[in-house]
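J.: Just to be clear, the model below is a prediction. Sequence and coordinates:
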Amino acid sequence: AETERQRIEWERLANTERERAGKHVSRFAQVCFVILAIIGGLWYLKGNATVQYKLGVMYYNGQGVTQDDKQAVEWFRKAAEQGYAKAQNGLGFMYDNGRGVPQDYEQAVEWYRKAAEQGYASAQCNLGVAYVNGQGVPQDDKQAVEWYRKAAEQGHADAQCNLGVAYVNGLGVTKDDKQAVEWFRKAAEQGEAIAQYALGVMYENGQGVTKDYEQAVEWFRKAAEQGEAIAQYALGVMYENGQGVTKDDKQAVEWFRKAAEQGEAIAQNNLGFMYYNGRGVPQDYEQAVEWFRKAAEQGHARAQCNLGVSYGDGRGVTKDIEESYMWYYLSRLNGFTDAQKELDRIEGAGLSQEKIRRAKTEAERKRAQQK
């Protein structure tokens, strides 16, 4: 599980940017703004960009009014057209996510840029995300870094984390683990969960800092306690291996379960492994198969191999060599080379060519569905 985890860590971090871009519409407005608008009359709303924007936020969140994305867009637009940066960013977000308007990345970028050029940090971060993903603009990591840096230097935690990701991967900048650690730490100290997880990874691997499992555990725990699934999984691994903490399979199971219940495939596989081997929980092959299957259906290659083992041995499921072959073959298609030995073994034991053909066809069908 450790090798696989290291393989996915930075890919996952690089893919978090779009998800976190949706956090930048401010949610501080309260019902009092709606009441104020009613008392003051529509004359107060006309031309008052701040109130128009805050009324848009109320519609976006359904606070004091029925939730209505189209109304939110209308009020964001009124304020944005007066040059109000927060509203421009909010309108960009609505276009970016197709809320209240048809999804339009070019329009999103246009409004993000208007706000970003006024120095609004959230819009600068969102514009950086657009450049990373090549949505509404040509893909350009250097431009992304430029906008992330502008926001990061204003203390914007998501931008600081994204800048750390750029440095650790050498995207738009020369790869520099020490710089990555610096930016991850700035964001982590503001409570940004992904940055806390990333800083934990840096301590675990000794990237840009001296390897320190206790520090890794500390940062994983901070993120895990905020509900960050991959950090919960990472903390489970530390308990499983006794790194930075006393080895404790029950604690490992607890953290694997928290992540697994959020749909984290690698944690689902590990939880299945704990049930299969009776580590931290009573041995339960049926529970093991259940968790292996959840991960396998998400395309997790090691879990697919583990299902192959389960069907081959008849543990937790009725023994079925054809089904076993299918899961091994799917695992191999997804890059888990250890599965090939099991395929060779089953073929050598005399599984018919017809059953092999059927199993391969089913594996290929599942793989196509999972893409």
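T.: That came in fine, so what should we check first?
J.: how many neighbours does A224 have?
T.: By other CB atoms under 10 Å, 25 other residues sit near A224. C-beta coordinates here come from the backbone N, C-alpha and C atoms, glycine included.
J.: Sort out which residues of stretch 203-217 are buried, please.
T.: With burial defined by 16 or more other CB atoms under 10 Å, the residues of stretch 203-217 counted as buried are 203-204, 207-209, 213, 215-217.
J.: where does the stretch 1-150 of the chain have low pLDDT?
T.: Low-confidence segments of the stretch 1-150 of the chain (pLDDT under 70): 1-46.
J.: Recalculate using a threshold of 80.
T.: Residues of the stretch 1-150 of the chain meeting the criterion pLDDT under 80: 1-47.
J.: what's next to the longest helix belonging to the chain, contact-wise?
T.: Looking across the chain with DSSP state H, the single longest helix is helix 353-370. By CB atoms under 8 Å, 6 or more residues apart in numbering, the residues outside helix 353-370 that reach it are 297-299, 321-323, 325-327, 329-330, 333-334, 347.
J.: give me the element T337 is part of.
T.: Under DSSP states H and E, no helix or strand contains T337.
J.: And the pLDDT for it?
T.: What the model reports as pLDDT for T337 is 97.
J.: Same question for the one 4 residues further on.
T.: On the pLDDT scale, K341 is placed at 97.
J.: swap in K371?
T.: Confidence score, pLDDT, at K371: 78.
J.: Might you report the residue contacts of it?
T.: Residues in contact with K371 (CB under 8 Å, 6+ apart) are G299.
J.: Next: H300.
T.: The contact partners of H300, by CB under 8 Å, 6+ apart, come to 265-266, 268-269.
J.: Could you pull out the helices in the stretch 251-371 of the chain for me?
T.: Taking DSSP state H, counting those that start in this stretch as the criterion, the stretch 251-371 of the chain contains helices spanning 265-277, 285-296, 301-313, 321-333, 339-348, 353-370.
J.: for the longest one, which positions count as buried?
T.: Spelled out, it's helix 353-370. 356, 359-360, 362-363, 366.
J.: and if you look at the first one?
T.: For helix 265-277, burial by neighbour count (16+ other CB under 10 Å) applies to 265-276.
J.: what's the angle from it to helix 301-313?
T.: 30 degrees (axes from the mean of the first three to the mean of the last three CA atoms, to 10 degrees).
J.: Over to the longest one?
T.: In terms of direction (the same axes, to 10 degrees), helix 353-370 departs from helix 301-313 by 150 degrees.
J.: what's the answer for the fourth one, then?
T.: Taking the same axes, to 10 degrees, one finds that helix 321-333 is oriented at 160 degrees with respect to helix 301-313.
J.: which secondary structure elements does helix 321-333 contact?
T.: Other elements packing on helix 321-333 under the criterion 3 or more CB pairs under 8 Å, 6 or more residues apart in numbering; DSSP states H and E are helix 301-313, helix 339-348, helix 353-370.
J.: and it, how far out from the chain's middle?
T.: On the basis of CA atoms, centre = their mean, to the nearest Å, helix 321-333 sits 28 Å off its chain's mean C-alpha point.
J.: which residues are contacting it?
T.: So helix 321-333 is in contact with 296, 301-302, 304-305, 307-312, 317, 339-340, 342-343, 346, 349, 351, 355-356, 358-360, 362-364, 366-367, going by CB under 8 Å, 6+ apart.
J.: taking the mean pLDDT, what do you get for that helix?
T.: On average, helix 321-333 scores 98.
J.: and if you look at the third one?
T.: The pLDDT scores in helix 301-313 average 98.
J.: Which other helices and strands does that helix contact?
T.: helix 265-277, helix 285-296, helix 321-333, helix 339-348.
J.: Restricting to C-alpha, output stretch 358-371 in PDB.
T.: Extracted in PDB, the C-alpha atoms of stretch 358-371 (Å, rounded to 0.1, in the frame of the first residue of the first chain):
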ATOM      1  CA  ARG A 358     -15.400 -14.600 -21.500                       C
ATOM      2  CA  ALA A 359     -13.400 -13.300 -18.500                       C
ATOM      3  CA  LYS A 360     -11.300 -11.100 -20.600                       C
ATOM      4  CA  THR A 361     -14.300  -9.600 -22.400                       C
ATOM      5  CA  GLU A 362     -16.000  -8.800 -19.100                       C
ATOM      6  CA  ALA A 363     -12.800  -7.300 -17.700                       C
ATOM      7  CA  GLU A 364     -12.400  -5.100 -20.800                       C
ATOM      8  CA  ARG A 365     -16.100  -4.000 -20.400                       C
ATOM      9  CA  LYS A 366     -15.600  -3.100 -16.800                       C
ATOM     10  CA  ARG A 367     -12.400  -1.200 -17.600                       C
ATOM     11  CA  ALA A 368     -14.200   0.900 -20.300                       C
ATOM     12  CA  GLN A 369     -16.900   1.700 -17.800                       C
ATOM     13  CA  GLN A 370     -14.400   2.900 -15.200                       C
ATOM     14  CA  LYS A 371     -12.600   5.300 -17.500                       C
END
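J.: follow-up on the earlier one: can you lay out the helices and strands packed on helix 321-333 as CSV showing distance to P102?
T.: CSV is the format used below for these (distance: least, CB to CB, whole Å):
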stretch, distance to P102
helix 301-313, 37
helix 339-348, 44
helix 353-370, 28
